[in-house]
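Engineer: whatever this is, show me its structure:
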Amino acid sequence: MLFVFGYTSSVYSQNSYEKTFLRFYNNQSLASKVNAFDTLNSFYKLRCYDLVKEDLALIKEKALEDNQEEVLDKLYKIEGEMFYNYKNYSKAIPIFTDLLARNKIKTLKDSVQVLYILKNAYLNIKSLNKTVEIHKVLVSLQKRDSKLSGWLLMPKLSTIYYEMHLYKECLSEQLLEFEDVKKNSALTINFYNNRGLYWEKYGNQDSAIYWFSLAKEKFYKDLGSSKLSLDNEFTIGLIEGNIGQSLMKLKEYEKAVPLLKKDVLGSKNIKNYHNAGISQLEISRCYLALKKFDLSKKYLDSASVLLKDIDDYNSQLNIIKQYAIFYDETGSSTLAIKYYKKYVVVKDSLEAQNNLKELLSAQVASQVDEKEKLILENQKNIKQKNIEVSKQKTIRNALLFCGLVLLIVVIFISVQLKKTNSGKQLLEIKNKQIETRNEIIIKSLSEKDLLVKEVHHRVKNNLQIISSLMKLQAAKSSNEEIKSSLNEAQDRINSMALLHQLLYRNNQMTRLLFNEYLEGLISQISSGFALKNKNITIETHIIELELDLDTAIPLGLITNELVSNAYKHAFNGKEGLIKVELSKLVKNTYQLKIRDNGSGLPANFDLHSNDSLGLDIVCILSEQINAELKIYNDNGANFDIVFKVI
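Structural biologist: Have a look, this model is predicted:
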């Protein structure tokens with residue numbers, strides 16, 4: 001939802017100011033008219049621009065004829081501001097970058113204003129590097145001149161990261177900004193609310209609710225027992241609506257609904273129908289999840305009416321999608337298909353528009369970079385010309401002392417030649433030394449790779465020898481429990497030997513394709529049980545994933561334990577199915593799932609009081625790689641290992 005920036009709003013008279021300004025403007029000379037309009041703030045410029053636009057165009061023609069550069073530069077600045085206000089960033093950015101490059105912005109106030117507009121223009125075209133670069137320049141200027149308004153630094157760097165969907169960076173940066181707002185009650189509430197929004201976008205709803213609750217607590221504490229104004233009702237409604245959204249994402253729909261309703265009421269009171277419509281859409285989703293279809297339809301229709309004339313295509317797209325979901329849930333398949341088709345058409349259209357905007361933004365960024373390169377090249381040429389002029393002056397002065405200078409030059413050149421020859425010889429010697437060292441380093445690295453490869457090979461061979469010794473020892477033992485323990489240990493050793501075999505075969509030193517290793521390990525385990533368990537089938541669904549040894553070895557051992565246990569204990573001689581799945585959940589997070597359709601775990605199963613060495617190994621190895629282990633029954637035993645890859 002929207003950000004909270006304070007408690008109050010302002011209402012402006014719409015006609016009296018424009019008439020007063022127009023009378024003043026018409027009494028000025030051409031140059032003074034431009035100055036008069038340029039002194040207006042952005043709000044009044046927007047209101048008055050259409051009244052003077054044609055006159056400014058005539059002034060521009062006259063200034064071009066008379067070569068009045070100062071007037072033209074101010075007109076270009078005004079044009080850039082209007083393009084920015086009308087969201088035509090592709091035209092605003094080149095105008096301002098050109099004015100700055102040509103040093104046509106004379107005052108600090110105008111420079112800061114232009115930089116502020118440029119920063120927000122780059123932010124709107126998603127050019128993060130340029131936005132951050134200009135923001136840092138503004139921060140530097142504000143530190144040098146404390147009289148500059150703090151609002152020129154808006155949005156803060158945390159908000160810039162938020163707009164770029166860099167939520168982790170946003171959360172880190174916002175903590176650094178707290179010192180600037182903690183003495184201001186409204187800004188502190190805004191800080192708490194925004195931090196909740198950042199956590200909500202980052203996906204941590206509990207943290208989001210914590211910060212929203214702090215904003216709510218601070219709001220009521222500062223307000224005391226005084227009666228709420230409409231603006232204050234909107235503010236607290238907005239905060240509680242944010243809490244409702246987080247509760248909704250936690251599927252606590254009953255708790256979310258009253259909070260979202262309060263947001264709707266506060267938004268309608270100040271005629272913020274956009275925010276009210278978004279919250280009504282969320283209420284409709286809650287009621288649909290609660291199977292209260294009449295209420296869901298009621299709020300969905302209301303949201304559709306409120307958002308119909310709002311210039312927000314994403315909200316309208318969400319309305320269409322929600323109708324499709326509603327009719328699908330209520331069994332109206334014809335209407336559901338109709339709305340799904342409409343959703344696809346509108347979505348494709350919006351994506352085409354967004355792609356066009358991104359293309360234009362890229363073109364703008366490219367044009368700006370090219371212009372900056374051209375400016376740097378021109379500056380370089382000017383500098384070179386200045387150097388040439390300086391050289392010519394030096395030569396003219398030197399002619400007065402021609403004889404003396406000539407002698408000095410001859411002596412200087414002879415000394416330099418000796419130094420140059422000596423330097424060349426030293427350079428050749430150093431180059432040969434460097435080449436020799438490089439050859440030694442390359443040879444050493446090659447030998448190191450060969451040694452590491454040989455280590456993997458020998459480790460694999462030694463593990464296989466140990467496995468064979470255990471197999472012989474098991475064959476000679478008459479104790480079934482000892483035999484079983486030795487066989488289990490042999491399987492664990494074989495799983496590690498297979499890993500080193502893959503590293504040796506693929507010329508990898510520290511990483512391997514885990515999916516290839518997992519397929520080989522499962523094949524190795526199933527072949528070991530094939531004779532005794534012909535009626536057991538094993539299926540795999542494994543994505544491609546590269547892992548380091550510290551993660552691959554524990555996961556391999558875990559897989560060995562769980563698949564072997566399923567073969568031994570899950571089916572009791574009956575037919576059965578074992579499934580092994582490796583899938584990606586979110587960025588850098590993966591899940592290894594091993595399940596069977598056997599008899600499942602005992603009803604009173606307790607992992608911590610269990611005396612199985614295999615499951616103890618699974619727990620220990622899961623903790624070793626900081627993985628989350630879930631064990632439960634669902635048509636058989638299920639083991640989910642969720643781990644992260646750095």
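Engineer: helix or strand for residue 439, which one?
Structural biologist: Assigned by DSSP states H and E, residue 439 belongs to helix 402-476.
Engineer: average pLDDT for that helix, rounded please.
Structural biologist: For helix 402-476, mean pLDDT is 69.
Engineer: do the same with stretch 48-61
Structural biologist: According to the model, stretch 48-61 has a mean pLDDT of 88.
Engineer: what lies in contact with that stretch?
Structural biologist: 18, 21-22, 25, 30, 33-34, 37, 40, 71-72, 75, 78, 82 (Cβ atoms under 8 Å, 6 or more residues apart in numbering). (C-beta placed from N, C-alpha, C; glycine too.)
Engineer: so the chain: which segments form each domain?
Structural biologist: Listed by automatic domain parsing, the domain ranges of the chain are 15-86, 512-644.
Engineer: between those domains, which gets nearest to residue 217?
Structural biologist: Among the domains of the chain, the nearest to residue 217 by Cβ to Cβ is domain 512-644 (31.9 Å).
Engineer: how far does the closest one stretch from one end to the other?
Structural biologist: End-to-end span of domain 512-644 (Cα to Cα, to the nearest Å): 16 Å.
Engineer: quick one, helices of the stretch 251-400 of the chain?
Structural biologist: Applying DSSP state H, counting those that start in this stretch to the stretch 251-400 of the chain gives helices spanning 253-269, 273-289, 293-307, 313-329, 333-398.
Engineer: which of those helices comes out lowest on mean pLDDT?
Structural biologist: Looking at those, the bottom one is helix 333-398 with a mean of 67.
Engineer: most remote residue from the chain's center?
Structural biologist: What lies farthest from the middle of the chain is residue 403; by Cα atoms, centre = their mean that is 70.1 Å.
Engineer: what's the spacing between that one and residue 410?
Structural biologist: As for residue 403, its distance to residue 410 is 11 Å (criterion: Cβ to Cβ, to the nearest Å).
Engineer: how about residue 179?
Structural biologist: 66 Å.
Engineer: can you list the neighbours in contact with stretch 613-631?
Structural biologist: With Cβ under 8 Å, 6+ apart, stretch 613-631 has contacts from 488, 492, 550-551, 554-555, 557-558, 561-562, 564-565, 601, 605, 607, 610, 637-644.
Engineer: same question, stretch 589-606
Structural biologist: 545, 555, 558-559, 562-563, 566, 569-572, 574, 576-585, 631-645.
Engineer: quick check: buried residues in that stretch?
Structural biologist: 590, 591, 592, 593, 594, 595, 596, 597, 598, 600, 601 (16 or more other Cβ atoms under 10 Å).
Engineer: sorry, back to before: so which of the contacts of stretch 613-631 sit within strands?
Structural biologist: 637, 638, 639, 640, 641, 642, 643, 644 (DSSP state E).
Engineer: need the buried ones from the residues you listed selected in PyMOL.
Structural biologist: With 16+ other Cβ under 10 Å as the burial test, the buried ones among the ones in strands among the contacts of stretch 613-631 are selected in PyMOL as follows:
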select buried, resi 637+638+639+640+641+643
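Engineer: closest to residue 149 among the ones in strands among the contacts of stretch 613-631?
Structural biologist: Once Cβ to Cβ is applied, the member of those that ends up nearest residue 149 is residue 644, at 44.1 Å.
Engineer: okay, and the beta partners of that closest one?
Structural biologist: Residue 644 has the following beta-bridge partners by DSSP bridges: residue 589.
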